[in-house]
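In: pasting the structure only:
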């Protein structure tokens, strides 16, 4: 299998998934750098780089963005978010001493959430009020309002950061520290916070999120899929990895809604237009046993690719019912 990344007709990178010639059960990843990337690497080969200096990081990041001509700010949200949230009081120490213990992407996520906590001292509503009073930039009020509704429904509380504590404040004026909240709340609180923060910033953002369904009931999985629809509809990009037929099922609803040839007002009563996903800009793939296949057909995601268990369960029940009839 080969994946190519190209820009303006020039190949930047080619990645190959090839079998190990010495082990039939293993694959390995090989890659070939394009001319632009090779020139970039050569230019910075002898450049003295200090990772701990923020300005150095920013300058190198800007150079990479310019080379790739990428207009999006990229944010990675890893799996295992509840474990990270459980350690919220120790995040600073963990980040400082994790150079070899935690992968770069997870460290980046931990640093991001740790740095942003103070911005959420009064929750998302406080963040919105601050933006409305300190900037003249246009705010996507309708989209943010819908995102807030979904956030409130899933979290059942208001996230705040006060006295060095991350909290979920309840309507009865009581609160629970975030590391004592449910695993579903811990998994999703910073997913919603980051979606809200970057939508409010109006900066085109590419969010990569692993398993948004983790520890959530099916109805909450539906809501977080809607939240991703709102975010993706608003000039942003989203990459999701999932094992959930509920997530894919809701994505299909968001894809199908704009395809129906009836009045927009009628569709809006079922699914708000700000959640609709454009078919022409949506792709889905299924990875199994080292093989990648396209998972979209006629503008919808083939949900059955990951929901084979439902067929197997229904078939078992059918056989049991047949046995019961034979016994009568």
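Out: Yes, it's here. No experiment lies behind these values; they were computed from the predicted model shown.
In: Might you report the residue contacts of the residue nearest to the spatial centre of the chain?
Out: Nearest to the mean C-alpha position of the chain, by Cα atoms, centre = their mean, lies residue 209 at 2.4 Å. Taking Cβ atoms under 8 Å, 6 or more residues apart in numbering as the criterion, residue 209 is in contact with 77, 191, 228, 238, 239, 240, 241. Placement of C-beta: from N, CA and C, glycine included.
In: Give me the average confidence score over stretch 178-185.
Out: Mean per-residue pLDDT for stretch 178-185: 91.
In: Now do the buried residues in it.
Out: Buried residues in stretch 178-185, counted by 16 or more other Cβ atoms under 10 Å: 178, 181, 184, 185.
In: and if you look at stretch 266-279?
Out: 267, 271, 272, 274, 275, 276, 277.
In: and the helix or strand in which residue 188 is found, which residues are buried?
Out: Residue 188 belongs to helix 183-201 when assigned by DSSP states H and E. If you call a residue buried by 16+ other Cβ under 10 Å, then helix 183-201 has these buried ones: 184-200.
In: Please, where are all the helices along the stretch 101-250 of the chain?
Out: For the stretch 101-250 of the chain, the helices defined by DSSP state H, counting those that start in this stretch cover 104-116, 123-134, 141-155, 183-201, 218-233, 245-256.
In: How many residues are close by residue 302?
Out: Neighbours of residue 302 under the rule other Cβ atoms under 10 Å: 17.
In: Skipping adjacent residues, who's closest to it in space?
Out: Nearest residue to residue 302, sequence neighbours excluded (Cβ to Cβ, 6 or more residues apart in numbering): residue 295, at 5.0 Å.
In: do the same with residue 228
Out: What sits nearest to residue 228 in space, not counting adjacent residues and going by Cβ to Cβ, 6+ apart, is residue 238, at 5.3 Å.
In: what about the one you found, distance to residue 72?
Out: Plainly put, residue 238 is 11 Å away from residue 72 if you go by Cβ to Cβ, to the nearest Å.
In: shared neighbours, the two?
Out: residue 206.
In: quick one: which of those two has more around it?
Out: Legend: neighbour count by other Cβ under 10 Å for residue 238 and residue 72, higher for residue 238 (18 against 15).
In: my read: that one touches residue 230, true?
Out: No - taking contacts as Cβ atoms under 8 Å, residue 238 lies outside contact range of residue 230: 10.3 Å.
In: Quick check: neighbours shared by the two?
Out: The contact lists of residue 238 and residue 230 share no entry, where a contact means Cβ under 8 Å, 6+ apart.
In: Give me the residue ranges of the stretch 51-200 of the chain where confidence is low.
Out: For the stretch 51-200 of the chain, applying pLDDT under 70 flags the ranges 51-54, 86-101.
In: ends of stretch 151-164, how far apart?
Out: Criterion Cα to Cα, to the nearest Å; first-to-last residue distance in stretch 151-164 is 23 Å.
In: What are the buried residues along that stretch?
Out: Across stretch 151-164, burial judged by 16+ other Cβ under 10 Å covers 151, 154, 155, 157, 158, 159, 160, 161.
In: and those, which two are the farthest apart?
Out: Pairwise distances across these peak at 18.8 Å for 154 and 161 (criterion: Cβ to Cβ).
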